[in-house]
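K.L.:
what's the 3D shape of this:
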Amino acid sequence: REIARDEALAKQLAELDIEFIRHHDQCILPPQSITTNDSDTMYKVFTPFYKKWRHTLEVSQLESHNAVVVKSNNETTDALINLTSVDSSASTLKDIEELSTQIVQDYQAALDKNAAYQHIDYSAQLEQAREHYPAGEAAARARLEQFTSDDINNYNVSRDKPILQGTSHMSAYLTIGSISPRECYLQAVKAQDKLHGNDGDNEDINRWISELAWRDFYRHVLTVKPKLIRHKAYKEETDAKINWSYNEEDFEAWCTGKTGVPFVDAAMRSLNTNGFMHNRLRMVTAMFLTKDLLIDWRWGERYFMSQLVDGDFASNNGGWQWSASTGTDSAPYFRIMNPFSQGKSHDPKALFIKTWLPELKDVPASILHDENKLRKALTKGGDFADIDYPAPMVDHKEA
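P.N.:
Below you'll find the predicted structure:
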């Protein structure tokens, strides 16, 4: 819809001799600027895309990449007045607006009917967002400055430890355009120079820069494959071969954090309260839904977008399809994260789990991170059978 809108507007402005310049404000490098060397097409895998993306930035001026002049002529008041009387443009833009409105209404109606969404206290979630994400560019820049002057130097490790809150939390500001991703990149490069001088190869800072590249990557993919906006899979042949489940009870258990898998449930309850989830947790919860429960990734994608304060279509869609193995980087299909071993690796003392699942506060971490031990402990006759927490709803290895 956005593409159709821009093209209709550009056409009418060109006919009226009005200069029209589009800026790729959501990307560091614009779509279709990073392509394969052999066939000049969009990369299907992130790693080679990132290498070329990084090289392009290092050898060129950032400012020169982002403006596209569609028509270079003088703007006149009469032409602007005449624009409102062009029937074809008005009709096209009106149709697009009506379609967008209808889609939003249909989306909200679908949420209202789904029991999985009824447990959310949106007013409390809004208060959390206001507290943790003060509005405005000044607040965004202050957070960026604090992160790049200190926390970025431990990012590669702390980003995967949900109890540490070690991520930048810039995504909410980037999503709505409060700050430019180019400014984030330049600040990271500045931190690289300040903290490491001529070394310039700090793993922590490079990792954060790669996360900025992931944002670009998924936007570039979306530009090349706009069908993704219409709930299509990047790899439709893979998507079509999977017998997706549409079990509403299983989905509700996942949404409400009642799957019996502590790391997954803690992540979901955190999301429902704070409107935020660390990237590691997003992958683990997404893979549990799509690989263990075999529930259609579109259900999870939609739920995340309804909850995330940094909900962004391109990144959210790309992340979900990556996890479901229907998207980019989809080989091998059997990329599966074990939620118990992931919890053991990234929350070894179960501090994050026990923060969000207080009913498990007395259960040793060694049990919480072992599916068989946990199942035995929670069932009749087990040491923690009286706890109000469900046994794992599926056997991970079987699933």
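K.L.:
any idea what sits nearest Lys161, other than its immediate chain neighbours?
P.N.:
Spatially, and ignoring its direct neighbours in sequence, Lys161 is nearest to His346 (5.9 Å; C-beta to C-beta, 6 or more residues apart in numbering). Just so you know, the C-beta spots here come from the backbone N, C-alpha and C atoms, and that holds for glycine as well.
K.L.:
which ones are touching that neighbour?
P.N.:
Neighbouring residues of His346 by C-beta atoms under 8 Å, 6 or more residues apart in numbering: Asp160, Lys161, Pro162, Arg280.
K.L.:
right, and Asn202 touches Val189 too?
P.N.:
No - look at Asn202 against Val189 with C-beta atoms under 8 Å: they stay out of range, at 10.8 Å.
K.L.:
In the chain, where is pLDDT below threshold?
P.N.:
For the chain, applying pLDDT under 70 flags the ranges 61-115, 196-200, 332.
K.L.:
80 instead?
P.N.:
1-3, 23-24, 60-122, 195-201, 330-334 (pLDDT under 80).
K.L.:
for it, what spans make up the strands?
P.N.:
Using DSSP state E, the strands of the chain run over 20-23, 67-71.
K.L.:
what about the residue nearest to Lys161, distance to Ala314?
P.N.:
Distance, His346 to Ala314, by C-beta to C-beta, to the nearest Å: 26 Å.
K.L.:
Make sure Gly275 is actually in contact with Gln128.
P.N.:
Yes - counting by C-beta under 8 Å, Gly275 touches Gln128, with 6.2 Å between them.
K.L.:
Look at these two and report which has more neighbours.
P.N.:
With neighbours defined as other C-beta atoms under 10 Å, Gly275 and Gln128 compare such that Gly275 has more, 23 against 16.
K.L.:
if you skip the residues just before and after it, what's nearest to Asn272?
P.N.:
That would be Ile120: by C-beta to C-beta, 6+ apart, it lies 5.9 Å from Asn272.
K.L.:
Quick one: neighbours of that neighbour, just the number.
P.N.:
For Ile120, the neighbour count with other C-beta under 10 Å is 19.
K.L.:
Show the contacting residues for it.
P.N.:
Applying C-beta under 8 Å, 6+ apart to Ile120 gives the contacts Asn272, Ser306, Gln307.
K.L.:
Counting only helices, which of those make the cut?
P.N.:
When DSSP state H is applied, the contacts of Ile120 are split such that Asn272, Ser306, Gln307 fall in helices.
K.L.:
What's the separation between the last one and Asp292?
P.N.:
In this case it means Gln307. According to C-beta to C-beta, Gln307 stands 20 Å off from Asp292.
K.L.:
Give me the more crowded residue out of those two.
P.N.:
Between Gln307 and Asp292, Asp292 has the larger neighbour count (other C-beta under 10 Å), namely 25 against 21.
K.L.:
shouldn't the more buried one be in contact with Pro392?
P.N.:
No - under the criterion of C-beta under 8 Å, Asp292 is not in contact with Pro392, lying 9.4 Å apart.
K.L.:
returning to that earlier point: tabulate the contacts of His346 in a markdown table, adding columns for neighbour count.
P.N.:
Putting those into a markdown table (neighbours: other C-beta atoms under 10 Å) gives the following:
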| residue | neighbour count |
| --- | --- |
| Asp160 | 18 |
| Lys161 | 19 |
| Pro162 | 26 |
| Arg280 | 20 |
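K.L.:
Mind checking which of those are in helices?
P.N.:
Arg280.
K.L.:
if we take the contacts of Ile120, which one ends up nearest to Ser178?
P.N.:
When the contacts of Ile120 are compared for distance to Ser178 (C-beta to C-beta), Gln307 wins out at 19.8 Å.
K.L.:
Which residue, other than its chain neighbours, is closest to that closest one?
P.N.:
Closest residue to Gln307 apart from its sequence neighbours, by C-beta to C-beta, 6+ apart: Leu271 at 5.4 Å.
K.L.:
what's the answer for Tyr173, then?
P.N.:
Nearest non-adjacent residue to Tyr173, counting by C-beta to C-beta, 6+ apart: Ala140, 3.8 Å away.
K.L.:
now Trp299
P.N.:
Among residues not flanking Trp299 along the chain, Phe251 sits closest, at 5.8 Å (C-beta to C-beta, 6+ apart).
K.L.:
shouldn't the one you found be in contact with Ala116?
P.N.:
Yes - using C-beta under 8 Å, Phe251 is in contact with Ala116, at 5.5 Å.
K.L.:
if we can go back for a sec, for the ones in helices among the contacts of Ile120, which one is nearest Leu357?
P.N.:
Nearest member of the ones in helices among the contacts of Ile120 to Leu357, counting by C-beta to C-beta, is Asn272, at 12.7 Å.
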